[in-house]
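Trainee: the following comprises the amino acid sequence and a computationally predicted model.
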Amino acid sequence: MRLTTVFSVTTLLLGSASAWNLTDTYQGSTFFDGFNFSNITDPTKGTVQYVDRATAQSSGLISVKNNVITMKADDTNVTPNGRPSIRIASKKTYNSGLFILDLTHMPTGCGTWPAYWLVGPKWPNGGEIDIIEGVNNQTNNHITLHTSANCQMDPTSSNGTGKWLTNNCAVNATGQSPNAGCSVQSSSATSYGRGFNSAQGGVYATQWKDTTGIQVWFFPRRSIPSDITSGHPNPASWGKPTADFPFSKCSSNHFSNLAITFDLDFCGVWAGAVYKSQFHCPGTCSDYVINQPKAFSEAYWNINSLKVYQ
């Protein structure tokens, strides 16, 4: 989604050792030019049809109005072959950076499985960083790393405020559910879903450094640091992150050439598996997704901007 874009933007050099320089801005009318649309068969077995850009445009699944980017699923039609939806990945890939996403709304509701994540080639060898992810009517965000073998986290040396759910990042880790990764649950009920949307969203900031590790902060709309809004982000001043993944028992080599990805899946191996047991959603997941289009009026992303600093 970038033609001549606002992409290779200004470089800001702040008089601080912690200064980050703005390199890429995904925003406004050129947002989609920086991404490839993936109209693929869903690898997680979801009840979904990912569509190409032309189809998304003509079907009204993507739009930009007053510089707000909207990505949504079909909420009009009964869709026997899965609900038409969006999966996009950035044309540019990254090996470090500070990623700041400002959004006002994320998809939510029974059957939904949205995610904002970074993922490398030849998965899981390039690694994966799930920054926003959840299912159905979940209220607290999950932040997760997925890697090849020999990448673990030590919760006792982590500085995050979230709750550790699992600490072995390898997708085939012994003693964990398949592909559980190392995962942290946010303590904030406004970090995901309806609570997030009711509070007019906020900012997710992800710092990825080869030397130290990966940290993710969530700032509700009313608590966004002024250095972020001014374009001079200084993570050292933000306090403890929600999730802190230090590279003490995991090499930074597990993460390389990551593309920024957004998607909106339905059912599948996570949302479908816990649809009834944990969330008490109606009927069966696939039947609900196929036959109840009006149930997905809240299944959309509204994004103000995504900025990447190096």
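Mentor: Noted; the coordinates are in hand. Keep in mind the model is a prediction, meaning the values are calculated, not measured. Residues are numbered from 1 along each chain as shown.
Trainee: just the helices from the stretch 151-300 of the chain, written as ranges.
Mentor: 193-198, 226-229, 285-291 (DSSP state H, counting those that start in this stretch).
Trainee: what residues sit buried inside the longest one?
Mentor: Read that as helix 285-291. The neighbour-count check on helix 285-291 (16 or more other CB atoms under 10 Å) flags 285-286, 288-290 as buried. Using the backbone N, CA and C atoms, a C-beta is placed for each residue, glycine as well.
Trainee: quick check: next helix or strand after it?
Mentor: strand 300-309 (DSSP states H and E).
Trainee: tell me the mean pLDDT for that following strand?
Mentor: Strand 300-309 shows a mean pLDDT of 98.
Trainee: what packs against that strand?
Mentor: Packing partners of strand 300-309 (3 or more CB pairs under 8 Å, 6 or more residues apart in numbering; DSSP states H and E): strand 22-27, strand 68-72, strand 97-105, strand 258-266.
Trainee: list the contacts of D244.
Mentor: Applying CB atoms under 8 Å, 6 or more residues apart in numbering, we find D244 in contact with 158-160, 213-215.
Trainee: let's see that with 10 Å instead.
Mentor: By CB atoms under 10 Å, 6 or more residues apart in numbering, the contact list for D244 reads 143, 153, 155, 157-162, 184, 207, 212-217.
Trainee: then K163?
Mentor: Going by CB under 10 Å, 6+ apart, the list of residues near K163 reads 140, 142, 155, 183-187, 242-243.
Trainee: which of these fall within strands?
Mentor: 142, 183-185, 243 (DSSP state E).
Trainee: which of those has the most neighbours?
Mentor: A243 (31 neighbours; other CB atoms under 10 Å).
Trainee: can I get the helices of the stretch 151-300 of the chain in a markdown table with distance to A299 and mean pLDDT?
Mentor: Below are the helices of the stretch 151-300 of the chain laid out as a markdown table (distance: least, CB to CB, whole Å; pLDDT from 0 to 100):
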| stretch | distance to A299 | mean pLDDT |
| --- | --- | --- |
| helix 193-198 | 11 | 98 |
| helix 226-229 | 27 | 97 |
| helix 285-291 | 10 | 98 |
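Trainee: that older thread, how about the ones in strands among the contacts of K163 in JSON lines, adding distance to H232 and pLDDT?
Mentor: Rendered in JSON lines, the data for these read as follows (distance: CB to CB, whole Å; pLDDT from 0 to 100):
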{"residue": "H142", "distance to H232": "30", "pLDDT": "98"}
{"residue": "S183", "distance to H232": "31", "pLDDT": "98"}
{"residue": "V184", "distance to H232": "27", "pLDDT": "98"}
{"residue": "Q185", "distance to H232": "31", "pLDDT": "98"}
{"residue": "A243", "distance to H232": "23", "pLDDT": "98"}
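Trainee: how much space is there between L98 and A295?
Mentor: L98 sits 37 Å away from A295, going by CB to CB, to the nearest Å.
Trainee: more neighbours: these two, which one.
Mentor: Using other CB under 10 Å, the more surrounded residue of L98 and A295 is L98, with 22 against 17.
Trainee: bridged to that one, which residues?
Mentor: Counting by DSSP bridges, L98 is bridged to Q207, Y309.
Trainee: one step back: pick out the most distant pair among the contacts of K163.
Mentor: Checking the contacts of K163 against each other with CB to CB, the farthest-apart pair comes out as N140 and P155, at 17.3 Å.
Trainee: comparing the two, which residue is more hemmed in?
Mentor: N140 (19 against 13).
Trainee: pretty sure the more buried one sits against T161.
Mentor: No: taking contacts as CB atoms under 10 Å, N140 lies outside contact range of T161: 11.9 Å.
Trainee: what do the two both touch?
Mentor: Residues touching both N140 and T161 (CB under 10 Å, 6+ apart): 186-188, 242.
Trainee: all the helices of the stretch 1-150 of the chain, in order from the start?
Mentor: 53-58.
Trainee: so where do the strands sit in it?
Mentor: Secondary structure of the stretch 1-150 of the chain (DSSP state E, counting those that start in this stretch): strands at 22-27, 35-37, 48-50, 62-65, 68-72, 83-85, 87-94, 97-105, 112-119, 128-133, 142-146.
Trainee: the fourth one pairs with which strands?
Mentor: The strands that strand 62-65 pairs with in its sheet are strand 68-72 (antiparallel) (by DSSP bridges).
Trainee: can you tell me which residues contact F247?
Mentor: 151, 153, 209-214, 253-255.
Trainee: separate out the buried members of those residues.
Mentor: Here, 16+ other CB under 10 Å leaves 151, 153, 213-214, 254-255 buried among the contacts of F247.
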